[in-house]
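Student: sequence and predicted structure are below.
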Amino acid sequence: MYLADRSAPAGAKTAPPDRGPGRAPVVAPTVLALGTVSMITDVSSEMVAAVLPLYLIAGLGLSPLGFGALDGVYNGVSALVQLTGGHLADRVRNHKLVAGIGYGLSALCKPLLLLAHSLGPISVILALERTGKGLRTAPRDALISLSTPDEAQGRAFGVHRAMDTTGALLGPLAAFLILGVAVDGYDAVFGVSACVAVLGVVVLVLFVPSGAGETPPRPAAAPPAARPTPVRLRDAAALLRLPRLRALALCAVLLGLTTVSDAFVYLLLQRRTGLDDQWFPLLPLGTAAVFLLLAVPAGALADRIGRRTVFLTGHALLLAAYGLLLWAPAWPALPYLVLALHGMFYAATDGVLPAAVAATVPESLRATGLAVVGTGQALARFGCSLAFGGAWTLWGTGPALAAAAAGLLCCAAVAGYVLRPLPPPGAAPAAPAPPDPARHP
Amino acid sequence: MTRSRRLLVLAVAVLLLGGAGATLVLRAAARADRPQTGGPQTSAGPVTLTAGRDTLTFLGSGQGPHRGALASVPADAPAGTRTVSDLTCQRFHAAAGTGVCLRSSPGALAQDNKAVIVDAALRQVRSFPLAGTPSRARVSPSGRFAAWTVFVSGESYGAAFFSTRTAILDTRTWKLDANLEEFAISMDGRDYRAQDVNFWGVTFAKDDDTFYATLATAGETHLVKGSVSRRSVTTLAKNVECPSLSPDETRIAYKKRVRAGASLWREHVMDLGTLRDHALAERRSVDDQAAWLDDGTLAYGLPGDGAADRTDLWTVPADGSGTPRLLTSGASSPARLG
C-alpha cells in the first residue's frame, strides 16, 4: 500500500478513490468538524471519569456507594433534557447554538470539580455535566444529518461515532499519563480536562456551520417558503403521527427495554468466565475498540443494503452475545467473542438508528425527531436496568439474562415486522433506505 | 471569518490552552516533590511491624514527597518526629508483623490496583490484583488473616452500578476468599440470597475465625458476624457500616448513617452483648473504619481543614464522653502495634 502510493504519479493522488462522478464528498466537512468536537469533548469527560473513583476515595476519602442510585435516577432526567434540547434547537432554528450551550455547560463543570469536596456538590456538578450532554445530543445529531445527503447518513453517523469513541479511549490514557507524571495530580487532570473541553467548544464555534440554511443543495429540498413557519410544541407532537417515525420510536423503545446495560454485561461476563479481577476494568475498552473499528463500515453498509437490515442484524448479534453468556462452555475465547459481538451490536445500531430517524423527519423538526427516539430509547434502557436488576435479585443471573434474551427475540421480531419496507403508495417498489415522507409530500 | 483566520484563532487557542494545561501538570508534578512547610518532622528510616514496641503506624496524607508513605511514631508521642518508610499505599493496616498495603497506581489504560502483603520488615511477600479502587484494609490481631474491600465501578459516568468487593486472605495457607458474597448469609434466622449483596469493612476477632463486617442489601446495611472456616455470616443489627472490633471484643465502633440517602455518618459504639449503641462526642461526619488505640479510645481520619486532598487523624473516647482531639495532621489509615 505504502509502496503503491509512492510509485503512483503525483497527479493520481488527487483523484478521488473509486468514487463515481458527481457524488458528494465521502463525509461532509461539518460531520468531520462535529466528530472532532465530540472526540475532544470525550477525551475531556473520560479523563475525569477514569480518575473519579480514585479521586473520591483516595483523594477526598469519601465512599461513593450510593452514587449508583443517584446516577441511575439522573440517567432518566438526562433523557428528558435531551428532548428539551432537541425541541429548543428546532424552535430557535439554531442547532449550533443549543449544541454549543450543551458543550459549554459541560466544559464549565470540569474546573468546578476542583472546588467541590464532598459527595453532594460533586453529584450536582456531575448532574450539570450530564445536562450539558443531554442538551447537545439531539442538535448535534441533527447537524450531522442536515449536512449529509440521504444516501450517506449511515456512514456520516458511523464516522461521528468512531471519532467519538476514539476520544473515549484516549481520555483515560491522557488521565493516567498525567497521574504518572504528577502523583495524585487530580487537580491537574481536572484542569487539563477543562482546557480540552474549552478547545472542543472553540472547534465547534469555528468550524461547525450553524444548522439551518446551510444544508447542501439537493434536488428534492423543501421550498424555501416553508422555512419561516415557527416550530411549535404541537408540531413536535404531530411528529409521532408520521407512521415511519412512530414505527422507529416504537422499535427503539421495545429493543431498549431488552438491551441489558453494559455494566451488567461485563459483570455477567466476569462471573461466567471467572475472568481475573484485574481485567475487569478493561472489558469496556474491548467493546469500544470493536465499535470504533466497525462503526464506519457498518454505517456505510446500512446505506447500501438498508438501515433496517443492519439495525436488526445488530440486535441479532446482541442476542448471540446473550446466548454465549447463557450457554457457551467456558472457552478461553469466550470473553473475546462476547466483547466482539457487543461492539458489533453498537456499531450496527448506535449510528444507524439516528440515520434511519433522520430520513423520516422533516428538516425543520429534525432535532426534535431525533430527540423523541433518543429519549424513548434512553428511558427504555433505564427501565431495563431497573427491571434487570430486580430480576437478577429475584431469580439470579441466568434466568434474568434468559428473560432478557427471550424479550429481545420477541421485540426484534416485532421490530422486523413493524419496520418492513413499505411500498410508497402508487410508486415504484421500496428503495433500500427507508422512504422519506418529508421529502415526498 | 475566512478559513485562514479561523485556523489562526484555533492555533492561538491550542497554544493558550496547551500552555495552561502544561502549567497545571508541571505545577502538580513539582508539588509532589516539594516537602510541605510547617508539616510534621520526618526522618527516613526503617519502619518495622514487629510487636513489642508500642508504635502507631499510618500513611502520610499531606502533599509532598512522603504522600502515601507508611510512617510510624511512638504511641505516646503521635505528633513527634515520624519515621517514614518507602512503602506507599492508599490504605494500610498491620498487626503482629503482617501488613496489608492496598496500592493503586496509574496503568496505561486503567488503574492498576494491588493488595500487597508485607512482612515485619515491609518486604513484599505476595501481591494480589484488585478489581477496583482500594477502600478498606484490615489484618487480624494474630497477623494471620487479611481482608480488604475495593470499589468496583462501571466504565464511566453512565455506569448504573457502583459496588464493593471484599476478600479475606489466609496468609498461612494463602487461601483467598476473593468474594465474600459467596458466603452463606443467615438473616433473621433464615437463609438469605440476593444478587444485590455487597460487603465491606471486615474486622477480625482474636480467634482467627470470627469476623464482623457490613452487609448491604435491599437498600439497608446490616452488621454481620461471620466465620471464615464455615464461610457464613449472620446478621445482628441494622444501619451499621465499617465496624471495628474493640481489643476486648465486647464492642464495635462503626459509622451510622444519619439519614437514609444522605452521605452523612456519626461514629457510634455498640455493645455486642446488648446491641445497645451510643453516639460518640465527634459531631462531624466520619467516613472511615475507625481504629481502637486501646479499649477506651478510637482514632479515625477526617478531611483536613481547608485542604481537600489531606486527611488528619483524630481521637475520641469510646464511651461518648469528652471531645475529639487532633492526634496528628496529614495522616490516614491508623493502626496501633504493640
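Tutor: That came through, no problem. Numbers count the residues shown, from 1 in each chain, chains lettered A, B, ... in the order given.

Student: next, count neighbours for B:G97.
Tutor: By other C-beta atoms under 10 Å in any protein chain shown, 18 other residues sit near B:G97. Just so you know, the C-beta spots here come from the backbone N, C-alpha and C atoms, and that holds for glycine as well.

Student: now it. Nearest residue, chain neighbours left out?
Tutor: With sequence-adjacent residues excluded and distances taken as C-beta to C-beta, 6 or more residues apart in numbering or on different chains, B:G97 is closest to B:A120, at 3.9 Å.

Student: assign a three-state SS to the one you found, would you?
Tutor: Secondary structure, DSSP: H, G, I helix; E, B strand; the rest coil: B:A120 is coil.

Student: again with A:T360
Tutor: coil.

Student: you'd agree it is up against A:G369?
Tutor: Yes: using C-beta atoms under 8 Å, A:T360 is in contact with A:G369, at 7.1 Å.

Student: those two: which has the busier surroundings?
Tutor: Neighbour totals were compared for A:T360 and A:G369, and A:G369 leads with 31 against 23 (other C-beta under 10 Å).

Student: kindly indicate whether that one is helix, strand or coil.
Tutor: When classified by three-state DSSP, A:G369 comes out as helix.

Student: what about the residue nearest to B:G97, neighbour count?
Tutor: By the criterion of other C-beta under 10 Å, B:A120 has 17 neighbours.

Student: per-residue confidence at B:S285?
Tutor: pLDDT for B:S285: 86.

Student: ugh, wrong one, A:M1
Tutor: Confidence score, pLDDT, at A:M1: 33.

Student: before we move on, what about B:S156?
Tutor: As predicted, B:S156 sits at a pLDDT of 36.

Student: next one: phi and psi at A:V183?
Tutor: Phi and psi for A:V183, reported as degrees, to the nearest 10, are phi -60, psi 130.

Student: now do the shared contacts for A:T360 and A:G369.
Tutor: Taking C-beta atoms under 8 Å, 6 or more residues apart in numbering or on different chains as the contact rule, A:T360 and A:G369 both touch A:L245.

Student: center of the chain - which residue?
Tutor: In the absence of a named chain, this looks at chain A. A:D350 (5.2 Å; C-alpha atoms, centre = their mean).

Student: other chain: chain B
Tutor: Central residue of chain B (C-alpha atoms, centre = their mean): B:R136, at 3.6 Å.

Student: so where does that residue fall, helix or strand?
Tutor: Per DSSP states H and E: B:R136 is located in strand B:133-139.

Student: other SSEs contacting that strand?
Tutor: On a contact count with 3 or more C-beta pairs under 8 Å, 6 or more residues apart in numbering or on different chains; DSSP states H and E, strand B:133-139 meets strand B:91-95, strand B:98-106, strand B:111-118, strand B:145-153, strand B:198-204.

Student: which residue is the nearest non-sequential neighbour of the residue nearest to the centre of chain B?
Tutor: B:R136 sits nearest to B:T149 (C-beta to C-beta, 6+ apart), 4.1 Å away.

Student: residue contacts, that neighbour?
Tutor: Shown in contact with B:T149 (C-beta under 8 Å, 6+ apart): B:135-137, B:164-166, B:199-202.

Student: for it, list each beta-bridge partner.
Tutor: Beta-bridge pairing for B:T149 (DSSP bridges): B:R136, B:T166.

Student: save the helices and strands packed on strand B:133-139 as JSON lines, and put in mean pLDDT too.
Tutor: Output for the helices and strands packed on strand B:133-139, formatted as JSON lines (pLDDT from 0 to 100):
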{"stretch": "strand B:91-95", "mean pLDDT": "95"}
{"stretch": "strand B:98-106", "mean pLDDT": "91"}
{"stretch": "strand B:111-118", "mean pLDDT": "91"}
{"stretch": "strand B:145-153", "mean pLDDT": "88"}
{"stretch": "strand B:198-204", "mean pLDDT": "94"}
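
Student: among these, which is nearest A:Q278?
Tutor: Nearest to A:Q278, of all these, is strand B:111-118, at 7.6 Å by C-beta to C-beta.

Student: now do that closest one: distance to the chain's middle.
Tutor: 13 Å (C-alpha atoms, centre = their mean, to the nearest Å).

Student: can you tell me what sits against that strand?
Tutor: Taking C-beta under 8 Å, 6+ apart as the rule, strand B:111-118 contacts A:50, A:54, A:176, A:278, A:281, B:49, B:87, B:89, B:98-106, B:124-134, B:137, B:146, B:148, B:150, B:167, B:169, B:171.

Student: picking that back up, so what's the residue nearest to B:G97 up against?
Tutor: Contacts of B:A120 were listed using C-beta under 8 Å, 6+ apart, and they are B:48-50, B:97-98.

Student: of the residues you listed - the most surrounded one?
Tutor: B:L49 leads these on contacts (other C-beta under 10 Å) with 24 neighbours.

Student: hmm, back to that, redo the helices and strands packed on strand B:133-139 as JSON lines? Include distance to A:S106.
Tutor: What follows is these, written out as JSON lines (distance: least, C-beta to C-beta, whole Å):
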{"stretch": "strand B:91-95", "distance to A:S106": "32"}
{"stretch": "strand B:98-106", "distance to A:S106": "24"}
{"stretch": "strand B:111-118", "distance to A:S106": "23"}
{"stretch": "strand B:145-153", "distance to A:S106": "20"}
{"stretch": "strand B:198-204", "distance to A:S106": "31"}
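
Student: and B:R67, what does it touch?
Tutor: A:183-184, B:32, B:60-61, B:88.

Student: make that A:P209, sorry
Tutor: Counted by C-beta under 8 Å, 6+ apart, A:P209 has contacts A:30, A:96, A:147.

Student: next one: B:E249
Tutor: Contact partners of B:E249, counting by C-beta under 8 Å, 6+ apart, are B:205-206, B:272.
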